[in-house]
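Novice: Sequence plus predicted model, see below.
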Amino acid sequence: MPTLNQTDQKMKPYTIVGVIGHIDHGKTSLVAALTGVDTDTNPEEKRRGITIDLGFASFEDSEGQFALIDAPGHQKYIGNLLAGVAAIDVGLLVVAADQGVQAQTLEHAAILQSLGVQSLIVAISRTDLASTKRTSETSEELAFFLDDLGIKCYEIVETSTKTGSGIETLKSLMRAKKQTKKRATCNFFRMPIDRIFSKEGRGTVLAGTPWSGQVQNGDELVLARTQQSFRVRGIEVHGVQRDHSLGGVRTAINLAGIDSEIVHRGDELISPQSYQLTSRILGTLRLYKDSTPIRCPSEFIFHSATCQCEARILGPKILHPDLEMPVIIQTTQPIIFAYDQSFLLRRPYPIGSIAAGKLLAPLEGVTRKTNDLLPLAMDLKQGDRSQRLTNRVHLNGELVPSSVLLQVELGIPENETDSVLRGIISDDDIYFQDDVLVSKRSIEQTKQMAMRFLKRQSMQENAWVDEESLLHHCTLRSSKACSKIAIKELVRDDLVVQSNRLLALKTDETKLSKKQAAVLQTAITALQNNRTPPTLKELAEITKQSPQALISLMRYAEQQRRVVSLKDGVYYSLDTLQLMCEELQSLLTTQNEASVAEIRDHLCITRKYAIPLLQYCDQNSLTVRSGEKRIAGDNLANFSP
Ligand SMILES: Nc1nc2c(ncn2[C@@H]2O[C@H](COP(=O)(O)OP(=O)(O)O)[C@@H](O)[C@H]2O)c(=O)[nH]1
Ligand SMILES: [Mg+2]
């Protein structure tokens, strides 16, 4: 929503008034009476005597500046109206005294309410064409319908542009509703474009009401849809050149080198690396109460900010009238997302707006099913700021808490982001690792997935899986950071055992199949009391297994502390290794240091075994290299493998 920035001291209170109502009820005439400007400027508008596109005019007095947006009343141009009223502060609903309440009177009132416009003024217009009785009937009729819509708070004024009656009262009502409150706002600039025009010698000018942030001459802005960057060459506010503008103020921006052909109403200008485009969104929606229930998926015309496109509501299965429901929206065009942004749904047939709602989270990169996602919408809507962040982390599984995420996607004002973040990091449900927030729930899910994978592998006689493969499997559904934490915790909690880069489910031997146990026993028998035992390849031949399947069993035996694995596929039974280490100790006690050849001969082994054995000894501080020789290491005296 528009905001005024306290830092902009020079500006008077500034209020945008959206003028709405049924066609021919006197909106354009009222704007002219208030501002002296005829907003029906285009030739077709003149010829047909109707407003097709948005009109803009303003007046200023000692108390403030009022920007008026004259919206077209005709149903056919309601898209233009929506683009215009997306960022207004006050609604001015015009109802002709002589015509009474008409279809668009009510639709427009409902739209304003859906968009969350709090301030409403009603002008009962053209009173010179109606009797006093008729005028008060129109007034009563309107009160009845507004009450039915749940709109209770509004001011009412009777006007005639012909006689000038009520115009001053209308002005003073507007002054009473002027925008003086400064709202906390997001730092990133965003301006939905509602008007594009060319100016002699200056090229294309894009106008709209910035929703957030500030813009300065010379800034770089991005046309969101095309992701092209342009430099700001000029800024105008109500026809006056300015060096900057800000949220909530009607602004016209001249961009260097932009071609008017590439910009359309509904496009947005944003600061670089700020707002994101999305086309799948979690939100909530309320179907108007006069609607029938609607089955989903179902197609609608979608309006948000100044953009209009088609959208599909993917879920839930049925939308019930007058009930706030979580929804998943798929738009045909990517749109700019901000937390709590209003949207409206219309149907081309039967014609009219049918529902309104709020956007709560972009679903880019979220692969969870509709039924899992829908329950999160209400939590995102209702929770306090830190719950909101927690829920977003649960939704995405993992998030980088950037200022764009916090300010734009969660609506947390900049001065509160630190405390919200500190609060959530001390939360047991969220992990903060490598600058990433990870949800405990998604770690638990990833753990289960990893366990299932290891179980499947072990049933295929491949109990030992290398870490990369397990990580790869987990990242099919979870993020890398989350998968890493999950694996680390499984090992920490002793559910999974790790041997170098290999991982397996922790089981006991009874869980080996009979066949596996027999194969392992054959292999271990071949190793026992053997200083030059068969290596892995030879063991595979002896046991008639593939080396891959045997590795898995040998890792298991290692975990069970029955064998020790050295380099180059050499395995020793535990007692053989122990015996050789004792012999090595006595050698290095008698002669302080020994060469590889001396050790080899002393232990009665060949070089093929001596090299991996000494590597193992060096790694475990049983021996220490000293040039070409070995001396006793710290652990040799009391070694147990
Ligand atoms: N007599 C009278 N005619 C009015 C008044 N206001 C508007 N009109 C006429 O009503 C018609 C529609 O007015 P306009 O401002 O274009 O309505 P809009 O479609 O709501 O913008 C025009 O012919 C106006 O001259 C009024 O206060 N008194
Ligand atoms: Mg008009």
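Specialist: Right, received. Where do you want to start? Ligands and ions are numbered 1, 2, ... in the order given.

Novice: hey, where'd the helices end up in the stretch 301-450 of the chain?
Specialist: Taking DSSP state H, counting those that start in this stretch to define them, one finds helices in the stretch 301-450 of the chain at 370-382, 385-396, 403, 414-425, 440-459.

Novice: Confirm that Gln113 sits in a helix.
Specialist: Yes. Gln113: assigned to a helix according to DSSP: H, G, I helix; E, B strand; the rest coil.

Novice: Skipping adjacent residues, who's closest to it in space?
Specialist: On the basis of C-beta to C-beta, 6 or more residues apart in numbering, the spatially nearest residue to Gln113 that is not a chain neighbour turns out to be Ile151, at 5.7 Å. C-beta here means a position set from N, CA and C on the backbone, and glycine is covered the same way.

Novice: Now do the contacts for that neighbour.
Specialist: Going by C-beta atoms under 8 Å, 6 or more residues apart in numbering, Ile151 touches Ala109, Gln113, Leu120.

Novice: Make CSV from those residues and add distance to Gln498 to it.
Specialist: As requested, these are arranged in CSV below (distance: C-beta to C-beta, whole Å):
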residue, distance to Gln498
Ala109, 66
Gln113, 60
Leu120, 66
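
Novice: just those residues now: which is nearest ligand 1?
Specialist: The nearest member of the contacts of Ile151 to ligand 1, counting by C-beta to the nearest ligand atom, is Ala109 at 14.7 Å.

Novice: my guess is that closest one meets Leu93, correct?
Specialist: Yes. In this structure, Ala109 sits in contact with Leu93. The criterion is C-beta atoms under 8 Å, and the distance is 5.8 Å.

Novice: any shared contact partners between these two?
Specialist: Between them, Ala109 and Leu93 have Ile20, Leu120 as joint contacts when contacts are counted by C-beta under 8 Å, 6+ apart.

Novice: count of residues packed around the closest residue in space to Gly397 that isn't next to it in sequence?
Specialist: Nearest residue to Gly397 in three dimensions, chain neighbours excluded: Ser442, at 3.8 Å (C-beta to C-beta, 6+ apart). Burial of Ser442, expressed as a neighbour count using other C-beta atoms under 10 Å, amounts to 24.

Novice: For the stretch 51-200 of the chain, just list every one of the strands.
Specialist: 55-61, 64-70, 90-96, 119-125, 155-158, 190-199 (DSSP state E, counting those that start in this stretch).

Novice: Please identify the most buried of those.
Specialist: Neighbour counts (mean count of other C-beta atoms under 10 Å) averaged over each of the strands of the stretch 51-200 of the chain peak at strand 90-96, with a mean of 26.

Novice: circling back to that earlier point, from Arg195, how far out is the residue nearest to Gly397?
Specialist: Here Ser442 is placed at a distance of 45 Å from Arg195 (C-beta to C-beta, to the nearest Å).

Novice: try Ala110
Specialist: For Ala110, the distance to Arg195 (C-beta to C-beta) stands at 25 Å.

Novice: Please apply the same query to Thr576.
Specialist: Taking C-beta to C-beta, one finds Thr576 at 87 Å from Arg195.

Novice: any idea how far Ser458 is from the closest residue to Val327 other than its chain neighbours?
Specialist: Using C-beta to C-beta, 6+ apart and skipping the chain neighbours, the partner closest in space to Val327 is Leu285 (4.6 Å). Separation of Leu285 from Ser458 (C-beta to C-beta): 48 Å.

Novice: who's more crowded, these two?
Specialist: Counted by other C-beta under 10 Å, Leu285 and Ser458 do not tie: Leu285 has more neighbours, with 24 against 21.

Novice: Contact partners for the closest residue in space to Asp243 that isn't next to it in sequence?
Specialist: Sequence neighbours aside, Asn217 is the residue nearest to Asp243 in space, at 5.0 Å (criterion: C-beta to C-beta, 6+ apart). When contacts are counted by C-beta under 8 Å, 6+ apart, Asn217 touches Val232, Arg233, Gly234, Ile235, Asp243, His244.

Novice: Dump the helices of the stretch 301-450 of the chain to JSON lines, plus mean pLDDT.
Specialist: Listed next are those as JSON lines, based on pLDDT from 0 to 100:
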{"stretch": "helix 370-382", "mean pLDDT": "88"}
{"stretch": "helix 385-396", "mean pLDDT": "89"}
{"stretch": "helix 403", "mean pLDDT": "92"}
{"stretch": "helix 414-425", "mean pLDDT": "87"}
{"stretch": "helix 440-459", "mean pLDDT": "89"}
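
Novice: Counting neighbours, what do you get for the residue lying closest to Val496 once chain neighbours are set aside?
Specialist: Taking C-beta to C-beta, 6+ apart, and ignoring the residues beside it in sequence, Val496 has Leu490 as its nearest neighbour in space, at 4.0 Å. When neighbours are counted by other C-beta under 10 Å, Leu490 registers 23.

Novice: list the contacts for Leu490?
Specialist: Here Leu490 is in contact with Lys447, Ala450, Met451, Val496 (C-beta under 8 Å, 6+ apart).

Novice: Please give me every residue in contact with the most centrally placed residue in the chain.
Specialist: The residue lying closest to the centre of the chain (C-alpha atoms, centre = their mean) is Pro362, at 4.3 Å. By C-beta under 8 Å, 6+ apart, the residues touching Pro362 are Gln276, Thr278, Arg280, Ile281, Leu282, Phe337, Glu409.

Novice: mind checking pLDDT for it?
Specialist: The per-residue pLDDT reported for Pro362 equals 97.

Novice: What distance do you get for it to Leu269?
Specialist: Noted for Pro362: a distance of 19 Å to Leu269, by C-beta to C-beta.

Novice: what do you get for Gly164?
Specialist: Taking C-beta to C-beta as the criterion, Gly164 is separated from Leu269 by 40 Å.

Novice: Please identify which of the two sits among more neighbours.
Specialist: A count of neighbours by other C-beta under 10 Å puts Leu269 above the other of Gly164 and Leu269, at 27 against 11.

Novice: other SSEs contacting the helix or strand harbouring that one?
Specialist: If you go by DSSP states H and E, Leu269 is part of strand 268-270. Under the contact criterion of 3 or more C-beta pairs under 8 Å, 6 or more residues apart in numbering; DSSP states H and E, strand 268-270 touches strand 190-199, strand 220-223.
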